[in-house]
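J.: okay, here's the prediction I keep looking at, along with the sequence it came from:
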Amino acid sequence: MPWIQNYTPIGESLGMSALVAAVPLIVIFVCLAVLKMKAHKAAILAVASAIAIAVTVWGMPAKLAGLAFGQGAAFGLFPVFYIVLTTLFLYNITVKGGQFEIIRASLAGLTADRRIQALLIAFCFGAFIEGAAGFGTPVAIAGATLVGLGFRPLYAAGVCLVANTAPVAFGAIGIPVVALSAVMGYDDVGMMKLSKMVGHQLPFISVIIPFYVIVMMAGLKKAWEVLPAILVCGVTFALAQWLTASYVGPYLPDITASLSAMAALVILLRFWQPKENYVFDHEKAATKEEHNYTGGQIFRAWAPYLFLTLMVLLWGLPSVKTSLDNLGKVVIPVTGLDNMIVKKVSTPDAGLQKIAVVNAEIDKLTAALPKTDEKLAKAVTLLGELKTLEGGMTAVEQRFVGKGAILPEERVTAFEPIFKKADELKKLSEGLVKDKLVEKDQFKSLTKALTDQLPAKIAAKYNFNYLSAAGTAILIAAFLSAMICGVGFGDVMKIAGKTLFDMRFPALTVASVLGLAYVMNASGMTNCLGLIFTKTGHWFPFLAPILGWVGVFLTGSDTSSNVLFGGLQKATAEQLGISPILTGAANTSGGVMGKMISPQSLAVATAACGMVGEEGTLFRFTLKHSLFLTFLVCVMVYLQAYYLQWMIP
């Protein structure tokens, strides 16, 4: 028999139940922020606590909890970590072939003005690395480059951390959005909506970040002196980010936006230069990095990422994706878990009331539909058959009145034909709308009444689309890049082995965190937490980005924050009648503002810039910027929830 989710297992108290449901999140945060534990160990402990609570407190069968964890861990490894792995494989190939050094040197040698260098290296190049590799790499490489050019370590680290806010949501070929769509239970269409929604939020921040960074670094007056460069950089980046996120998907916004902004800035510098090069107080003259690379060498260095862009774009075409899925996609039902958990189970008492509502809607439709057309006559016949089934359901419900929200075999057996008939009616009504035989919303009320009446079965299917997965496109680009970069087959295999070895613990972390999210979702703990957050009511959209900010501050990862809070954002939004797409995207957009103050980011930045031990100084430097930018996102999401709803896809 299916297991029924319960949102108040502790004395029917939502508050106490939510407090216990939050324990796995508290465990992972304490382990990371207080005990300074390795991420994979913290994630494993959090999973153990979640499974223990699901089984002992929520009464979830241990088999279901184990299978839910297995499904989440499998999704974490493929396709989520598969994208990360292939992206880093490509990056390591360019490093081995010496191409990445050429890319870095070509940008560092374009200008001696410190403000323009900050735009090129910290903002554009940092965003490019975030999109191509992520996981702390942007701040490390960009920060070290700025220090090498003459920036003070504190400014180099601080500028890179603040500049890195714009691309984080689409980092490592869109992993944060891909993972978010998974825990929210969305397919490719839902993922595209999330991508589009983030694309309706972050570009507003991206367009001001270049100006913000230069003011932070040199003051308002000095920023005005390079306003043409700031505008070209910010507007180009934001426009490309919006277009790619809205019409291509979550995989390429960082790559296209950073390349577009770099190209626009390079073109601008051919026709315009600041009147005088800006230098810091400790410098006598500005310097730029000299190199002897030819145009051909520079083009060759960028070629791997052009391959990457083309391959991901090609893989994103619906016709290509469909063809590849036909050749190599395996849908695996998770036996023992698929449709074995249900939610929204009404008591038989409430069930009788809902049957009455469904029957009333059936009568309205039957009276309104003419029987002259063959298809309309079939619809009327189906409505009659559905009403007969509802009559049988009435007899079942009456036998269980007063026994609570139970789901014995007799109720399950009575619900099943109604499920099938509702699906049949839905398909027929869609055809009638398409043929313009009925109004678009004519069946809407009946559909809503049936949805309210029927328990919701939770499907558990694992899609192994090994050919159409974005990671496969990146893998092909990596092998093509190896040929262009002159990296031999033996070295490619060594790089593959080293990449796998280096990423063994991150792989365990990703699998564990996704497994944690699936256990919490399947057990009902996430919905329990969501119900508590409904108490914030009208103000939840304003607070939604703060959840993401807290998550990234503590975990150091927008992906982890999305996985931990994505289900909660969806559950709360649905209870409040707000778009889950909006609040899910808000988790991502708010989360990126916490990246600059997370302990992991601070550790990477101080190590790269030669200021180990000064994490506290850097934290104080970036904190005010993090809080201000998060506030802007909160206001934006609030306005989109109530006044700019046309921006929600």
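T.: Arrived safely, thanks for sending.

J.: show the model's pLDDT score for the residue lying closest to Q201 once chain neighbours are set aside.
T.: Counting by C-beta to C-beta, 6 or more residues apart in numbering, Q201 lies nearest to S589, which is 4.4 Å off, once chain neighbours are set aside. No exception for glycine: its C-beta is placed from N, CA and C like everyone else's. Predicted confidence (pLDDT) at S589: the value is 95.

J.: how far off centre is the helix or strand containing S589?
T.: Assigned by DSSP states H and E, S589 belongs to helix 580-591. Put simply, helix 580-591 sits 8 Å off its chain's centre (C-alpha atoms, centre = their mean, to the nearest Å).

J.: quick one: mean pLDDT over the helix or strand just after that helix.
T.: Downstream of helix 580-591, the next assigned helix or strand under DSSP H and E is helix 599-608. The average of the pLDDT scores along helix 599-608 is 76.

J.: kindly report the same for stretch 26-37.
T.: The model assigns stretch 26-37 a mean pLDDT of 84.

J.: mind starting the numbering at 4 from now?
T.: Happy to do that; since the first residue is 4 now, the last one works out to stretch 29-40.

J.: so what's A510 up against?
T.: A510 is in contact with 80, 84, 88, counting by C-beta atoms under 8 Å, 6 or more residues apart in numbering.

J.: the same query, at a cut-off of 10 Å, please.
T.: If a contact means C-beta atoms under 10 Å, 6 or more residues apart in numbering, then A510 has 43, 79-80, 83-85, 87-88, 503 as its contacts.

J.: identify the residues contacting stretch 360-368?
T.: Under C-beta under 10 Å, 6+ apart, the answer for stretch 360-368 is 382-383, 385-387, 389-390, 392-394, 396-397, 421, 425, 428, 432, 441, 445-453, 455-457.

J.: below-threshold pLDDT in the protein: ranges please.
T.: Scanning the chain for pLDDT under 70 picks out 136-140, 285-292.

J.: strands of that one, start to end?
T.: Ranges of strands within the chain are 6-7, 333-336, 344-346, 459-460, 464-467, based on DSSP state E.

J.: L457 contacts K429, doesn't it?
T.: No: counting by C-beta atoms under 10 Å, L457 does not reach K429; the two are 12.0 Å apart.

J.: neighbour count: these two, which is higher?
T.: The neighbour count for L457 versus K429, taken as other C-beta atoms under 10 Å, is higher for L457 (19 against 14).

J.: and the more buried one, backbone torsions?
T.: Taking degrees, to the nearest 10, you get phi -80, psi 140 for the backbone angles of L457.

J.: how close does A51 sit to N565?
T.: Computed as C-beta to C-beta, to the nearest Å, the A51 to N565 distance reads 22 Å.

J.: more crowded one of these two?
T.: Each of A51 and N565 has its neighbours counted (other C-beta under 10 Å); N565 has more, 33 against 15.

J.: show me what contacts the more buried one?
T.: By C-beta under 10 Å, 6+ apart, the neighbours of N565 are 172, 178-187, 197, 516, 520, 551, 554-555, 572, 587-588, 590-591, 594.

J.: nearest residue to it other than its sequence neighbours?
T.: Nearest to N565 is L183, by C-beta to C-beta, 6+ apart, at 3.9 Å.

J.: and for A574?
T.: G533 (2.7 Å).

J.: same check on E577?
T.: E577 sits nearest to P583 (C-beta to C-beta, 6+ apart), 5.9 Å away.

J.: just checking, that neighbour touches F543?
T.: No: contact status for P583 versus F543: not in contact, 11.4 Å apart, counting by C-beta under 10 Å.

J.: what touches both of those two?
T.: 572, 575-576.

J.: gap between the residue nearest to K332 when sequence neighbours are not counted and M486?
T.: Closest residue in space to K332, ignoring its immediate chain neighbours: N468 at 4.3 Å, by C-beta to C-beta, 6+ apart. Per C-beta to C-beta, N468 is found 26 Å from M486.

J.: one more: L557?
T.: 42 Å.

J.: looking at those two, which is more packed in?
T.: Neighbour count, other C-beta under 10 Å: between L557 and M486, L557 has more, with 24 against 14.

J.: wait, that one sits on F568?
T.: No: checked against C-beta under 10 Å, the pair L557 and F568 is beyond contact range at 11.1 Å.

J.: overlap in contacts, the two.
T.: L28.

J.: burial count for the nearest residue to A499 once chain neighbours are set aside?
T.: Nearest residue to A499, sequence neighbours excluded (C-beta to C-beta, 6+ apart): F92, at 6.2 Å. Using other C-beta under 10 Å, F92 has 24 neighbouring residues.

J.: could you report the neighbour count for Y250?
T.: 12.

J.: typo on my end, it should be I409
T.: I409: 12 neighbours (other C-beta under 10 Å).

J.: so which residue is smack in the middle of the chain?
T.: V180 (2.1 Å; C-alpha atoms, centre = their mean).

J.: thought it was touching I584?
T.: No: using C-beta under 10 Å, V180 makes no contact with I584, being 11.4 Å away.

J.: mutual contacts of the two, please.
T.: Here V180 and I584 have 197, 200-201 as joint contacts, going by C-beta under 10 Å, 6+ apart.

J.: tilt between the longest helix seen in the chain and helix 602-611?
T.: Counting by DSSP state H, the longest helix found in the chain is helix 618-645. With axes from the mean of the first three to the mean of the last three C-alpha atoms, to 10 degrees applied, the angle from helix 618-645 to helix 602-611 works out at 140 degrees.

J.: narrow the contacts of N565 to those in helices?
T.: Short answer: the contacts of N565 in helices (DSSP H) are 178-186, 197, 516, 520, 551, 554-555, 572, 587-588, 590-591, 594.

J.: what about Q643, neighbour count?
T.: Q643, neighbours per other C-beta under 10 Å, totals 21.

J.: er, P509 actually
T.: So P509, with other C-beta under 10 Å, has 17 neighbours.

J.: quick check, it in contact with A42.
T.: Yes: assessed by C-beta under 10 Å, P509 is found in contact with A42 at 7.7 Å.

J.: which residues are common contacts for the two?
T.: What both P509 and A42 touch, as defined by C-beta under 10 Å, 6+ apart, is the set S560.

J.: contacting residues around the closest residue in space to L93 that isn't next to it in sequence?
T.: Spatial nearest neighbour of L93, chain neighbours left out: A481 (4.0 Å); criterion: C-beta to C-beta, 6+ apart. A481 is in contact with 89-97, 307, 310-311, 314, 490, 495, 498-499, 502, counting by C-beta under 10 Å, 6+ apart.

J.: once you drop chain neighbours, what's closest to L550?
T.: In space, L550 is closest to F568, 4.9 Å off (C-beta to C-beta, 6+ apart).

J.: looks like S184 contacts P583 (just checking).
T.: No: counting by C-beta under 10 Å, S184 sits too far from P583 to count as a contact (11.0 Å).

J.: okay, and the common contacts of these two?
T.: 193, 196-197, 569.

J.: how about a markdown table for those residues, with distance to V334 and neighbour count added?
T.: Conversion of the shared contacts of S184 and P583 to a markdown table gives the following (distance: C-beta to C-beta, whole Å; neighbours: other C-beta atoms under 10 Å):
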| residue | distance to V334 | neighbour count |
| --- | --- | --- |
| G193 | 17 | 18 |
| K196 | 22 | 20 |
| L197 | 22 | 30 |
| G569 | 23 | 31 |
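
J.: now, among these, which is nearest to G112?
T.: When the shared contacts of S184 and P583 are compared for distance to G112 (C-beta to C-beta), L197 wins out at 38.9 Å.

J.: check contacts around that closest one.
T.: The contact partners of L197, by C-beta under 10 Å, 6+ apart, come to 172, 179-181, 183-184, 187, 189, 248, 252-253, 565, 569, 583-585, 587-588, 590-591, 652.

J.: the residue nearest to N565: how many residues sit nearby?
T.: Quick note: L183 (other C-beta under 10 Å) scores 34 neighbours.

J.: that one and P253 touch, don't they?
T.: Yes: with contact defined as C-beta under 10 Å, L183 and P253 form a contacting pair (9.0 Å).

J.: good, we can wrap up now.
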